[in-house]
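Chemist: How does the following fold in three dimensions:
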Amino acid sequence: IHSEQFSKIGYDELGGILRTIGFEACVISVGPTGHITPEHADLDLMRFIEATTGAGLDVPALATTFTSAMHPTVRLAFAVGGEMGIPIFRPGEWRYGNAADIEQRTAEVQRDVMGFASLASQMQMAIALHNGEDDTFGASVWDIQMMIRGVNQRFAGYDFDIGYATAHSGREGADVALRMALPRLKMATARDCLWSKTPDGAWRVTECPLGEG
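Modeler: Numbers count the residues shown, from 1 in each chain. Have a look, this model is predicted:
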C-alpha cells in the first residue's frame with residue numbers, strides 16, 4: 001500500500017499498524033502531498049524506511065508527484081533509496097494539458113523521463129512509469145513504450161495500472177497494453193473504476209471498490 005493513504009499517522013507507528021492490518025510492504029510517498037514532505041525529507045526519509053523495515057515490512061519503492069529529476073527532493077530520494085537498497089522509484093505524472101504543439105510537449109516529457117532514468121542507473125534503481133488517466137502521458141502505454149524502448153530494461157519500466165488501462169482502451173486494448181508492458185514490468189497497481197456521467201453531462205472515469213467496475 002502507499003503511505004500517503006495514511007498521511008496522518010506518524011512513520012514510527014505506521015509500519016506496525018500496516019502489519020497488523022495484513023500488509024507486507026509499503027511504498028513511501030515523498031513530495032508535497034506525500035507522507036514525507038520536501039521540508040523534512042533530509043531527516044525523515046531514512047528514518048521512515050528504517051521504521052518500516054524494522055516493523056517487518058518491505059519498502060519496494062519510493063514514489064513522488066515531482067516530474068523533474070532536477071528537483072532536490074527527487075535527487076535526495078534517489079540517493080537514500082540507492083543507499084538503502086530500494087529497487088524502484090515512481091516519478092509523478094506528466095499531462096499534455098493545453099499544449100499547442102504535442103510534439104514539443106512530448107520532447108519535454110522525454111527530457112524529464114531520461115533525467116529520471118539517468119538517476120536510476122547511477123543509483124542502481126529502476127523507474128516505474130504509471131499509465132494514468134485522462135490526458136496524462138502514458139495513459140496510452142504506447143507513449144511510454146516509444147520513449148523508453150532504447151533504455152536498458154533494468155532502469156526503466158512500467159507501473160501497470162489495469163484499471164486505468166481498461167478504462168482507456170477497453171478489455172481487449174488493456175490486454176494488448178499489458179502484453180507490451182510485461183517485459184519491463186516493475187510494479188502493478190490494482191485499481192477498479194467505471195465511467196460515470198457528471199451533472200454537466202460529461203463522462204468521467206471514477207474509481208470504485210475492486211470488483212465493482
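Chemist: contacts and neighbour counts: CA atoms only from here.
Modeler: Will do.
Chemist: in terms of contact, does residue 194 touch residue 213 like I think?
Modeler: Yes: contact between residue 194 and residue 213 holds when scored by CA atoms under 8 Å: they sit 5.0 Å apart.
Chemist: So for the protein, the centremost residue is which one?
Modeler: Residue closest to the average C-alpha location in the chain (CA atoms, centre = their mean): residue 90, at 3.8 Å.
Chemist: Now do the same contact list for that one.
Modeler: 61, 62, 63, 64, 127, 128, 129, 130, 159 (CA atoms under 8 Å, 6 or more residues apart in numbering).
Chemist: List the buried residues for the lengthiest helix in the chain?
Modeler: In terms of residue count, the longest helix belonging to the chain (DSSP state H) is helix 102-123. Of the residues in helix 102-123, 105-106, 109-110, 112-114, 116-121, 123 count as buried by neighbour count, 16 or more other CA atoms under 10 Å.
Chemist: before we move on, what about stretch 174-182?
Modeler: Of the residues in stretch 174-182, those scored as buried under the neighbour-count criterion (16+ other CA under 10 Å) are 174, 177, 178, 181.
Chemist: Now residue 17: which helix or strand?
Modeler: Of the helices and strands defined by DSSP states H and E, residue 17 is found in helix 11-21.
Chemist: Now do whichever helix or strand comes after that helix: distance to the chain's middle.
Modeler: Sequence order places strand 28-30 as the next helix or strand after helix 11-21, per DSSP H and E. Using CA atoms, centre = their mean, to the nearest Å, the mean C-alpha position of strand 28-30 is found 10 Å from that of the whole chain.
Chemist: What is the neighbour count of the residue lying closest to residue 185 once chain neighbours are set aside?
Modeler: The shortest distance from residue 185 to any non-neighbouring residue, by CA to CA, 6 or more residues apart in numbering, is to residue 158 (5.0 Å). Neighbouring residues of residue 158 were enumerated by other CA atoms under 10 Å; the total is 26.
Chemist: Okay, and the beta partners of residue 158?
Modeler: When bridges are called by DSSP bridges, residue 158 pairs up with residue 129, residue 185.
Chemist: Does it touch residue 130 like I think?
Modeler: Yes: when contacts are counted by CA under 8 Å, residue 158 is listed as touching residue 130 (6.0 Å).
Chemist: Fine by me, we can end here.
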